[in-house]
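> Here is a sequence together with a model predicted from it:
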Amino acid sequence: MTITILGWIILPLSAGMIVLKPEWVYAMAIFFLPFSASAVVNIGSGNSGSGIQVWLYLAILLLLRWAVVSLFRFEVRIKNELRRPVVYLFIFVAVCAVSLVMPIWIDGRLQIMSPLLVDFTTTPLYFSSRNITGLLYMLIGFALAVFIATKDTRPEEFRRSAALYLASCTFVASWGLLQLALNILNLPYPAVVFNNSVTPSAGGFSQTMGSGSVEIARLTSVAVEPSMLVQTLLIGLVFTLPAILGSGSIFGRYKDRMIALLLIAICLAATSSTGYIGLALLFLLACWTLYRSGRLRAGLLILSGCVILAIVGSYFALSLVHEVVGSALLNKGGSYSALERAKTIYYALQYFRDYPILGVGWASVTSHDVVAKILSNTGIVGFTSFCAFLGVLFSGLFRKSRTILSKQYFDQAPLILSIACAEMMALATITEFPDVFGHFWFILGMAIAASLQLMNQEPIFARRPA
């Protein structure tokens, strides 16, 4: 076990703050949510190595303190309006736990295909530490989502959490700019600072893309890979929508708009197809929001046409852009990652066909999407319970959003979180289920809090001058 540079700073600091200033530990946990390549402690090395992410360690500290305080007071306070989505989410997590009887029952009778594209070796399925680790992530994530939902039912706490996450995204994007500049200048990137996890998937910063005379180092900033970088930044971009569509803001309308431009620039520079698809989807969601409120104007359509023409013109005019877009998006269907994704989905659906009720056990099968991932690991029972949770969550958010849109409000929690959840789940559908990443549970907790009736009664994002 090796303590990282971040670990030497965070471990002693958080140990003192969890007793004296627990709200500071919460602020640190939210800030470090996008830092998926950052670890406080590394265990092992090589393909078997793993790192304890910073947000995970801080979340465990918060949850332990919450449990101790709740036991001391003999109560766990969850508002009545929050209990329904919390119960449905708990049912899904419980199904994941119950599904672990499957690898015990199968006991090696099923051969699991390697998720790597060029590796066609199989291994017998047994109950292992991987199943336990996968369930622990689910349990900690669920508890964190409930903790956030309970804490952020107060509007001032909700605003604070959104501000912390947006501040984190701003820092992550700025660090990404530094990485981009170092790549262009051919200078060494200080990966030891934030990209210090020994988890094999955390080495995305060292990968390159392109062919021929154009070869570009991938932009990951503090994330494990470009795809995860843009997913976390796109969620932050949603929190700038009140400053773009309406009169609200988090740090001020001008600052929020500048942050939005920075996040968009990094999403484009990351050369990830997930980023391009995510930006297009977010643009469509913004247009849908304006349309439902009656504020969609011809000027918006003209501006959109100009943006599309500029992108198309750049693609044909600039060889570098042509190479990057071709490698990252247009040729994605024939790329290594797309074929590997197709392979994992194909075999995952085969396992679901053989074990349709509870699947083969949570964290037993890798699949780079949401549907086949849940079906293969938890069967139709798990998939139905997860869909039921999403149905309850979105129905509450959409019901309140309709009222907000009819009054042309763009700075209230239900509308912003319904867009954030829709964006996150759509991206997860084309990448993979992000249960091991903190931003997923953060957004679920914020969305559950946004379903509270109080959030529909006052602007969550303060109105400030432009």
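Structure received.

> Show me where the stretch 101-250 of the chain dips below the pLDDT cut-off.
Along the stretch 101-250 of the chain, segments meeting pLDDT under 70 span 209-216.

> what about the helices in it?
101-106, 129-151, 155-184, 191-194, 226-238, 241-245 (DSSP state H, counting those that start in this stretch).

> Go through these and pick out the most buried.
helix 226-238 (a mean of 27; mean count of other Cβ atoms under 10 Å). C-beta: built from backbone N, CA, C; applies to glycine.

> tilt between that one and helix 155-184?
Here helix 226-238 runs at an angle of 140 degrees relative to helix 155-184 (axes from the mean of the first three to the mean of the last three Cα atoms, to 10 degrees).

> quick one: contacts of stretch 86-94?
Stretch 86-94 is contacted from outside by 78, 138-139, 142, 145-146, 149, 382, 385-386, 388-389, 392-393, 444, 448, using Cβ atoms under 8 Å, 6 or more residues apart in numbering.

> Kindly report the same for stretch 21-30.
Contacts for stretch 21-30 (Cβ under 8 Å, 6+ apart): 10, 14, 17-18, 54-55, 58-59, 61-62, 65, 151, 160-161, 164-165, 168, 438, 442.

> Likewise for stretch 167-177?
30-35, 194, 219-223, 229, 232-233, 235-237, 259, 262-263, 265-266, 269-270.

> Buried by neighbour count, from those: which ones?
Neighbour-count burial (16 or more other Cβ atoms under 10 Å) applied to the contacts of stretch 167-177 gives 30-35, 194, 219-223, 229, 232-233, 235-237, 259, 262-263, 266, 269-270.

> Where does pLDDT dip in the stretch 351-466 of the chain?
Using pLDDT under 70, the flagged stretches of the stretch 351-466 of the chain are 401-411, 453-466.

> And the strands in it?
Remark: no strands are assigned in the stretch 351-466 of the chain by DSSP state E, counting those that start in this stretch.

> what do you get for the stretch 1-150 of the chain?
For the stretch 1-150 of the chain, strands defined by DSSP E, counting those that start in this stretch occupy the ranges 2-3, 39-43, 50-53, 111-113, 122-124.

> Show me the one of the ones you listed that comes nearest Lys373.
Closest approach to Lys373 among the strands of the stretch 1-150 of the chain (Cβ to Cβ): strand 111-113, 13.8 Å.

> Contacts only, for Ala270.
With contacts defined as Cβ under 8 Å, 6+ apart, the neighbours of Ala270 are Gly176, Arg218, Leu219, Thr220, Pro226, Leu229, Val230.

> mind checking the backbone torsions on Pro434?
phi -90, psi 40 (degrees, to the nearest 10).

> which residue sits closest to it, ignoring its sequence neighbours?
Leaving out its chain neighbours, the residue that sits closest to Pro434 by Cβ to Cβ, 6 or more residues apart in numbering is Phe440, at 4.2 Å.

> Look up how far Phe142 lies from the one you found.
Distance, Phe440 to Phe142, by Cβ to Cβ, to the nearest Å: 11 Å.

> same deal with Val25?
19 Å.

> what do you get for Glu340?
Relative to Phe142, and taking Cβ to Cβ, Glu340 is found at 29 Å.

> Trp362 too?
From Trp362 across to Phe142, the span is 13 Å (Cβ to Cβ).

> Same check on Val371?
Val371 sits 20 Å away from Phe142, going by Cβ to Cβ.

> can you give me the mean pLDDT across stretch 14-26?
The pLDDT scores in stretch 14-26 average 89.

> Off-centre distance for that stretch?
How far stretch 14-26 lies from its chain's middle: 25 Å, per Cα atoms, centre = their mean, to the nearest Å.

> Check which residues of that stretch are buried.
Neighbour counts over stretch 14-26 (16+ other Cβ under 10 Å) mark Ser14, Met17, Ile18, Pro22, Val25, Tyr26 as buried.

> Distance to Glu156 added to those residues, as TSV?
Below are the buried residues of stretch 14-26 laid out as TSV (distance: Cβ to Cβ, whole Å):
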residue	distance to Glu156
Ser14	24
Met17	21
Ile18	22
Pro22	17
Val25	18
Tyr26	14
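
> ok, back up a step: list the contacts of the residue nearest to Pro434.
Contacts for Phe440 (Cβ under 8 Å, 6+ apart) come out as Gly141, Met424, Ala428, Pro434.

> can you check Ser201 too?
Counting by Cβ under 8 Å, 6+ apart, Ser201 touches Val224, Glu225.

> 7 Å instead?
For Ser201, the contacting residues are Val224, by Cβ atoms under 7 Å, 6 or more residues apart in numbering.

> Let the chain start at 34 from now.
With 34 as the first residue, the last one maps to Ser234.

> Can you tell me how far it is from Asn219?
For Ser234 relative to Asn219 (Cβ to Cβ), the value is 26 Å.

> Just give the nearest non-adjacent residue to Val469, would you?
Among residues not flanking Val469 along the chain, Tyr170 sits closest, at 5.0 Å (Cβ to Cβ, 6+ apart).

> What distance do you get for the one you found to Asp468?
From Tyr170 over to Asp468 (counting by Cβ to Cβ), the distance is 6 Å.

> Cool, thanks, talk later.
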